[in-house]
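Participant: Give the three-dimensional model of this entry:
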Amino acid sequence: MHDHQMYPLPSKELSERRRELAPEVDKAFHDFSKAAFADGALPRKLKQLIAVAIAHTTQCPYCIRSHTLGALRDAATDREIMEAIWVAAEMRAGGAFAHSVIALDAMAEEAHR
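Facilitator: Residues are numbered from 1 along each chain as shown. Model prediction:
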């Protein structure tokens, strides 16, 4: 079943097994996903670009691929997708930058002992 990949490729069999093990939850998740990505106050394309960025911060390879393809299907350009990825990179780096105040505070506290 495994070909020594870190992440198994999605397959019809695995999807069917997931659905088989928890059919109500599987259906609810798919219904929720359809609703979340439907056109609304934000257009579908923008939602897909947001998802591309989030997928890069959560580092989910399945999400990166599926939402990149979703963004392309919704007419996003390669440049729009790459800019979304750069926003994700900045946000991930920004988290480390912002949290540096914790280390700075600890260093100042220790210096005053």
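Participant: tell me the secondary structure for the residue nearest in space to the middle of the chain?
Facilitator: Geometric centre of the chain, nearest residue: residue 55, 1.9 Å, by Cα atoms, centre = their mean. Classification of residue 55 using DSSP: H, G, I helix; E, B strand; the rest coil returns helix.
Participant: Can you tell me the number of residues neighbouring the closest residue to it other than its chain neighbours?
Facilitator: In space, residue 55 comes closest to residue 63 once its chain neighbours are excluded; the distance is 3.6 Å by Cβ to Cβ, 6 or more residues apart in numbering. Quick note: C-beta positions are derived from backbone N, CA and C, even for glycine. A count of nearby residues for residue 63, using other Cβ atoms under 10 Å, gives 16.
Participant: what helix or strand is residue 63 on?
Facilitator: helix 61-73 (DSSP states H and E).
Participant: The residue nearest to the centre of the chain and residue 113, how far apart?
Facilitator: According to Cβ to Cβ, to the nearest Å, residue 55 and residue 113 sit 44 Å apart.
Participant: and whichever helix or strand comes after the helix holding residue 63 with helix 61-73, angle?
Facilitator: Proceeding N to C from helix 61-73, the next assigned helix or strand is helix 78-111, under DSSP H and E. For helix 78-111 against helix 61-73, the angle by axes from the mean of the first three to the mean of the last three Cα atoms, to 10 degrees is 140 degrees.
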